[in-house]
Structure formats: C-alpha cells, structure tokens
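[1] just coords:
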Ligand code: ADP
Ligand code: ZN
C-alpha cells in the first residue's frame with residue numbers, strides 16, 4: 001500500500017482542494033523531518049501545518065497548547081474527521097487520563113494535545129522516551145509559541161522549559177507556531193526554544209477580509225445599536241470596553257433591547273465566565289461584551305464583528321483584538337469609536353500609573369501610534385501593516401478611508417487660535433473650557449477667571465462646538481498639546497506647537513463626518529457581511545441548514561462550527577448539491593463528514609427544493 005500524499009490528505013480528510021499560502025511548503029519541510037518556525041496571522045491556517053505532517057509521519061505528534069478550551073475544540077474537530085486525536089490536561093479525571101495514556105502507548109493516537117505543565121512532568125517525558133525508543137514519536141508542535149516571551153501578555157513560564165524537548169529528543173522534528181508578528185518576539189522564540197536551525201516561514205499579516213473602520217464617538221450606545229441593526233443583526237461578535245463596570249452596563253443595556261449579549265471580565269467567578277464563553281462558542285449570534293480578559297484562545301471562526309467602545313492601548317492590542325473577527329475568511333468588521341475625552345483619559349491613565357518612567361515613555365509612544373492610526377486618512381490596512389514592518393500597496397477597498405476617502409482642510413488658523421487660547425489661559429484648562437472661550441460663551445468659569453477679557457475670547461465663533469472639539473481631539477492626538485500629569489486633565493503646549501504658533505508650519509486636519517449620518521450611510525455601502533449572507537438570511541433553506549447543523553451539534557455537545565463552518569454551509573446553500581458526490585466537492589466536506597452527515601444535509605436541501613416547487 002503506498003502512503004497517501006499531502007494533497008490527498010488535504011482533500012480526503014479535510015475536504016479542501018488547495019493549500020493556502022505557504023502551507024504546502026511548510027507541510028513538505030516538516031514531513032521530511034525539518035524544524036520550522038511559522039508566523040502566520042490568526043485564521044491563516046496554522047493547524048494544518050502540523051496536522052497533515054502528523055498524518056504523514058509514522059507515530060504520534062505531540063501538540064503543546066496553552067489553553068484547555070482550544071485543545072478541546074481542536075480535538076473535537078479532528079475527531080469529526082475520523083482522526084485519532086486526544087488531549088491530556090487538568091480537565092480530565094485520573095481514569096480518563098490513564099485511558100488516554102494507554103492509547104498513546106498502544107500506538108493508537110496520531111495527535112495528542114497536552115498542556116505544557118503536563119508535558120514537562122518526568123512521568124510524561126518518560127512515556128515519550130519509551131515511544132521514541134520504538135521510533136513512534138513523529139513530531140512536536142508548539143502552538144502559541146509567543147507564550148515563551150515574558151514581554152507579551154500571554155507569558156507562560158513553563159513554555160521556556162520546552163527546550164527540554166530539543167535536549168532529550170534531538171532527532172524529533174519540531175514546529176513552533178504563532179500569530180504574534182513582531183521581530184523581538186520572534187527572536188525570543190528562537191532563542192528560548194533553540195530553533196536557530198529551524199526554517200522560518202513568515203506569512204503576510206494582512207487580514208484582507210476584515211473591514212477596519214474608525215468613527216467619532218458622539219452617543220456610543222445609539223451608535224452601537226445603529227451599527228448592530230444595520231450590519232450585524234444576526235451575528236456573533238465581541239464588544240470591547242475598558243472597565244468591568246462599563247462591560248456590565250453595556251451588556252445589560254443591549255439585553256434590554258433584545259440582543260443576546262453576555263458580559264465577560266476578570267471580576268466574574270470562573271464558573272460564570274466558563275458558562276458564558278461556552279454559550280458564545282456553542283450558540284449562534286451571541287454578543288460578548290468584554291474587557292480584554294476575553295479573547296486569547298477564542299478559536300470561534302465566525303466572529304463577524306469586533307467593536308471597540310474604548311481605545312485599546314496600542315496597535316499591537318488593536319491588531320490582536322480585531323484579529324479575532326473573521327477567522328473563517330468571510331467578511332468581518334472591526335469598528336471602533338473614540339472621542340477627545342477618551343484620548344485625554346488614556347493619556348492621564350498612562351501618566352498616573354506607578355510604572356517606571358521608561359515604561360511610561362514606551363507606553364505613551366504606543367498609544368501615540370494608535371492615535372495616529374485613528375486620525376490617519378490613509379488606507380487602514382496599509383497603516384496597520386506598516387506598523388509591523390510590512391508593505392501594503394494601499395487602496396484596499398476594505399476600510400473606511402478607502403471606501404469613503406476622508407476630506408481634509410487647512411486648519412492652520414483654527415489650530416493657531418486653539419494653541420494661543422491654551423497659552424493665554426495659563427495652560428491648565430481642559431478642552432471644554434477652551435472651546436467656550438474661543439466661541440465667546442459667558443459661563444461661570446469664564447467669569448470666575450475673567451477670561452472674557454482675553455484676546456482669544458470669541459475669536460473662534462466661525463466654527464461650531466463640534467468642529468472645535470474635532471480640532472482639539474486631533475491636535476491632542478497629534479501631540480501639539482499634552483495632557484497635564486496631575487488631576488484635571490488640563491492641556492499644555494508641547495515643543496511641536498511652537499512652529500505652528502509662529503506661523504512657520506501648516507496643519508491639515510481631517511473633516512469629521514456627521515457621526516449619526518455617517519453610521520447609516522456607511523452601513524449602506526460597507527455591509528459586505530450582509531451581502532455575503534444576504535441571499536441566505538431570509539431563505540428557508542438557509543434556516544433549515546442551520547437548524548440541522550445546530551441539531552447535530554447539540555446531539556454531540558460540540559459547537560456548530562465543528563460540524564460545518566459557515567463558509568461550507570453557505571456553499572451548500574448556493575450549490576444545492578443533489579447527491580453525495582456533489583456534496584463531497586464542497587470545500588470543507590471531507591470523507592468522514594460526508595459519511596457522517598452527507599445524507600442528512602442532502603435531505604434538507606431536497607426538502608427545501610420540493611417546497612420551492614410547490
Ligand atoms: P489559525 O490557527 O492560523 O488561526 P486555523 O488553522 O484555525 O487558523 O485555520 C483557520 C480556518 O481556515 C480553519 O477554519 C481552517 O479549517 C481553514 N483552512 C485552513 N487551511 C485551509 C485551506 N487550505 N483551504 C481551506 N480552508 C482552510
Ligand atoms: Zn484601505
């Protein structure tokens with residue numbers, strides 16, 4: 001019997017017709033015994049890079065994975081494909097764990113997922129040595145390899161000890177995988193895991209199916225509601241907020257309006273958190289309102305949107321958090337709103353913490369890069385990738401700036417008025433008061449400080465309150481004004497304000513769009529998600545296909561996407577296969593799933609067609 005090729009496994013087991021990007025090269029390299037370091041964005045298809053070699057090589061592949069939920073998901077998915085896979089972690093009782101170990105030793109497993117702390121026990125390493133003596137160790141796959149980095153927020157000390165795999169099993173190939181792109185992390189992975197001789201595969205970190213949009217916050221809840229209604233009425237998504245309190249309040253507010261929203265933050269007890277996470281994974285259309293505590297290890301492929309009601313801390317965080325949308329490659333939206341108040345609050349938070357001065361400086365720079373991104377009028381995909389050192393040609397057609405180029409205006413005069421008003425009032429007031437002075441409004445505060453006597457009082461009547469607010473937001477974000485360290489968030493001038501005050505430099509600012517109008521008109525243009533599902537959502541066949549998927553998922557206690565992904569279901573909907581052969585040609589339908597579910601889904605299609613004829 002000749003052994004199958006990588007292509008055969010791809011199509012027969014996984015049901016896919018082509019490799020993506022560098023997958024094929026990686027599979028070939030690792031299958032023939034080479035070490036590899038794979039950097040690929042979320043949703044890029046990292047799992048196949050070790051799963052196919054696992055099926056090609058003799059013996060068992062050990063996959064190190066940091067999260068229990070992630071392991072369970074992967075193992076369930078593999079079992080659906082009739083691949084012999086199990087996991088070993090603290091969620092198993094002693095008896096179940098012994099059972100898995102004995103199957104491992106009997107050579108019955110192709111893949112075993114283990115938590116790092118379990119792998120590192122002497123007992124487990126001894127098992128591995130016995131397997132190795134029988135030449136039954138195929139491969140080590142180290143998933144989420146960035147966990148070795150103590151600078152990242154996913155740091156797992158045990159990950160550093162994984163170097164023992166290299167020391168004790170030097171002839172077993174290793175593949176380390178991560179979606180963390182930056183060069184320092186990469187260097188740390190190589191050093192900590194002794195992967196100096198591994199071949200590096202670095203994919204593009206572009207996420208072309210995510211439409212990035214940034215808007216100005218006016219009435220956040222109304223804006224959120226309008227966004228959800230117009231674009232994601234039936235979809236699963238994540239809404240990020242900065243504080244626990246805001247998470248709770250926003251979730252309750254959404255629930256009261258009939259949305260299936262759940263809160264998630266570190267202040268909830270474990271059981272509640274797990275239950276909500278489970279519901280997010282297993283039910284359809286759940287909105288998770290969460291702090292950043294929610295996210296890592298969320299492998300749900302059909303998260304259709306990620307909303308930021310508050311600014312993330314850095315471009316890295318923004319990329320990572322928005323990256324949880326659209327793993328399945330279908331259109332998804334990253335939508336963020338922010339205001340001048342947010343910028344001031346973030347700056348103040350950074351200044352007032354008790355981190356070292358060095359640390360604060362780095363964090364300020366990171367926040368500035370993010371604010372620069374927010375205010376930028378350039379292609380968002382290009383701006384995000386440039387931050388990570390990658391070149392993108394721009395004009396993506398999948399971001400707000402490309403879909404509706406922002407207008408800019410020569411704001412030099414307005415900015416000079418604003419800066420001079422800051423100076424004349426003594427560099428200690430916030431934007432609210434400064435705008436009152438510029439617009440010549442008599443308020444108790446103006447009176448108290450006699451600011452009506454200043455030369456800048458009332459010189460800015462030509463601009464509306466909102467326009468001034470936009471000017472201040474942009475010049476604070478752009479670094480012409482800084483937020484006072486202590487207390488009230490007063491604004492003062494920076495060095496960079498000088499040439500502008502002296503009339504040596506011009507300033508162009510972006511024209512804010514009317515926020516509410518903006519949301520709706522955007523919705524009309526950019527709801528690609530809705531388009532993708534448009535024909536489907538109203539159709540009884542689509543509903544019936546989804547109901548069948550849900551029924552099968554419930555029967556087996558797995559998330560619906562483990563049965564079929566949305567993309568596969570959508571293709572069934574469009575192709576309407578009439579027999580098993582036709583169904584088997586659809587991407588994502590391999591032999592095992594065809595045998596298991598083929599007839600049930602064919603019947604759903606057939607019944608709907610008959611109803612249609614009648
Ligand atoms: P990552 O771990 O890199 O985030 P996954 O391995 O979970 O990504 O893959 C993301 C999705 O893409 C999965 O649903 C997977 O089944 C699908 N996928 C991966 N490779 C291919 C391929 N060659 N053809 C079609 N779909 C693929
Ligand atoms: Zn663009």
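    Looks like it arrived, so ask away. Computed from a predicted structure; not experimentally measured. Numbers count the residues shown, from 1 in each chain. Ligands and ions are numbered 1, 2, ... in the order given.
[2] From here on, just use CA atoms for contacts and neighbour counts.
    Will do.
[3] For burial, what's the neighbour tally of the residue of the stretch 1-150 of the chain found nearest ligand 2?
    Of all residues in the stretch 1-150 of the chain, residue 41 sits closest to ligand 2, with a separation of 18.3 Å (Cα to the ion). Residue 41: 21 surrounding residues under other Cα atoms under 10 Å.
[4] Residue 260 contacts residue 289, correct?
    No. Using Cα atoms under 8 Å, residue 260 is not in contact with residue 289; the gap is 10.3 Å.
[5] These two - which one has more neighbours?
    residue 289 (30 against 19).
[6] what's the more buried one in contact with, if anything?
    Residues in contact with residue 289 (Cα atoms under 8 Å, 6 or more residues apart in numbering) are 238, 239, 240, 241, 247, 248, 250, 251, 261, 262, 263, 264.
[7] Now distance to ligand 1, pLDDT and secondary structure too, for those residues, in CSV please.
    CSV is the format used below for the contacts of residue 289 (distance: Cα to the nearest ligand atom, whole Å; pLDDT from 0 to 100; DSSP: H, G, I helix; E, B strand; the rest coil):
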residue, distance to ligand 1, pLDDT, secondary structure
238, 17, 98, strand
239, 20, 98, strand
240, 20, 97, strand
241, 24, 96, coil
247, 26, 97, helix
248, 29, 97, helix
250, 29, 98, helix
251, 27, 98, helix
261, 24, 98, strand
262, 24, 97, strand
263, 24, 97, strand
264, 22, 97, strand
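[8] Pick the one among those residues closest to residue 156.
    Residue 156 has its nearest neighbour among the contacts of residue 289 in residue 264, at 22.3 Å by Cα to Cα.
[9] Please report how far the residue in the chain sticking out farthest from the centre lies from residue 425.
    Farthest-out residue of the chain from its mean C-alpha position, per Cα atoms, centre = their mean: residue 453, at 51.7 Å. Separation of residue 453 from residue 425 (Cα to Cα, to the nearest Å) stands at 11 Å.
[10] Overlap in contacts, these two.
    In contact with both residue 453 and residue 425: no residue, using Cα under 8 Å, 6+ apart.
[11] so what are the domain limits for the chain?
    Annotated domains of the chain cover 6-202, 210-403, 408-510, 533-610 [automatic domain parsing].
[12] Give the full set of residues in contact with the closest residue to residue 56 other than its chain neighbours.
    Of all residues not flanking residue 56 in the chain, residue 31 sits nearest, at 6.7 Å (Cα to Cα, 6 or more residues apart in numbering). Residues in contact with residue 31 (Cα under 8 Å, 6+ apart) are 53, 54, 56, 57.
[13] Neighbours of the last one, how many?
    What it means is residue 57. If you count neighbours by other Cα under 10 Å, residue 57 ends up with 19.
[14] before we move on, back to that, same list (the contacts of residue 289) but as TSV, adding neighbour count.
    Formatted as TSV, these follow (neighbours: other Cα atoms under 10 Å):
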residue	neighbour count
238	27
239	25
240	27
241	22
247	23
248	17
250	23
251	23
261	25
262	24
263	25
264	25
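[15] so can I have TSV of those residues showing distance to residue 122?
    Listed next are those as TSV, based on distance: Cα to Cα, whole Å:
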residue	distance to residue 122
238	41
239	43
240	41
241	43
247	43
248	44
250	48
251	46
261	45
262	41
263	40
264	37
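[16] now, which of these sits nearest residue 491?
    Closest approach to residue 491 among the contacts of residue 289 (Cα to Cα): residue 241, at 25.4 Å.
[17] returning to what we had before: now the residue of the stretch 1-150 of the chain closest to ligand 2: closest residue in space that isn't a chain neighbour?
    Residue 41's closest residue in space is residue 179 (Cα to Cα, 6+ apart), at 4.7 Å.
[18] can I assume that neighbour is in contact with residue 144?
    Yes. The criterion here is Cα under 8 Å, and residue 179 meets it with residue 144 at 7.3 Å.
[19] wait, what's in contact with residue 501?
    416, 419, 420.
[20] thinking the last one is in contact with residue 456, fair?
    What that stands for is residue 420. Yes. Residue 420 is within contact range of residue 456, at 7.4 Å (criterion: Cα under 8 Å).
[21] More neighbours: which of these two?
    Neighbour totals were compared for residue 420 and residue 456, and residue 456 leads with 22 against 18 (other Cα under 10 Å).
[22] So the more buried one is in contact with residue 421, correct?
    Yes. Taking contacts as Cα under 8 Å, residue 456 lies within contact range of residue 421: 5.7 Å.
[23] list the residues that contact both of the two?
    Joint contacts of residue 456 and residue 421 (Cα under 8 Å, 6+ apart) are 437, 438.
[24] just to revisit the earlier point, could I get the phi/psi values of the residue farthest from the centre of the chain?
    phi -90, psi -10 (degrees, to the nearest 10).
[25] In contact with it, which residues are there?
    For residue 453, the contact set (Cα under 8 Å, 6+ apart) is empty.
[26] What separation do you get for it and residue 150?
    Residue 453 is 56 Å from residue 150, by Cα to Cα.
[27] Can you get me a residue count around the closest residue to residue 553 other than its chain neighbours?
    Nearest non-adjacent residue to residue 553, counting by Cα to Cα, 6+ apart: residue 560, 5.1 Å away. The number of residues packed near residue 560 is 24, by other Cα under 10 Å.
[28] Would you mind measuring from residue 560 to residue 547?
    Residue 560 is 10 Å from residue 547, by Cα to Cα.
[29] Residue 237: neighbour count?
    Neighbour tally, residue 237, other Cα under 10 Å: 27.
[30] can you confirm it is in a strand?
    Yes. Counting by DSSP: H, G, I helix; E, B strand; the rest coil, residue 237 is located in a strand.
[31] what comes up buried for the helix or strand hosting residue 10?
    Element membership of residue 10, judged by DSSP states H and E, is helix 6-12. Neighbour counts over helix 6-12 (16 or more other Cα atoms under 10 Å) mark 6, 9, 10, 11, 12 as buried.
[32] any chance of those residues in TSV, plus pLDDT and distance to residue 109?
    What follows is the buried residues of helix 6-12, written out as TSV (pLDDT from 0 to 100; distance: Cα to Cα, whole Å):
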residue	pLDDT	distance to residue 109
6	97	19
9	97	17
10	97	19
11	96	21
12	96	19
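[33] Make JSON lines from the residues you listed and add distance to residue 104 to it.
    Below are those laid out as JSON lines (distance: Cα to Cα, whole Å):
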{"residue": "6", "distance to residue 104": "24"}
{"residue": "9", "distance to residue 104": "22"}
{"residue": "10", "distance to residue 104": "24"}
{"residue": "11", "distance to residue 104": "27"}
{"residue": "12", "distance to residue 104": "25"}
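[34] and of those residues, the nearest to ligand 1?
    Proximity of those to ligand 1 (Cα to the nearest ligand atom) peaks at residue 10, which lies at 7.4 Å.
[35] Tell me who's in contact with that closest one.
    Per Cα under 8 Å, 6+ apart, neighbours of residue 10: 16, 17, 18, 19, 52.
[36] Are we agreed that the first one is in a strand?
    No. Counting by three-state DSSP, residue 16 falls outside a strand, being coil.
[37] Tell me where the model's unsure across the stretch 351-500 of the chain.
    Scanning the stretch 351-500 of the chain for pLDDT under 70 picks out the ranges 485-488.
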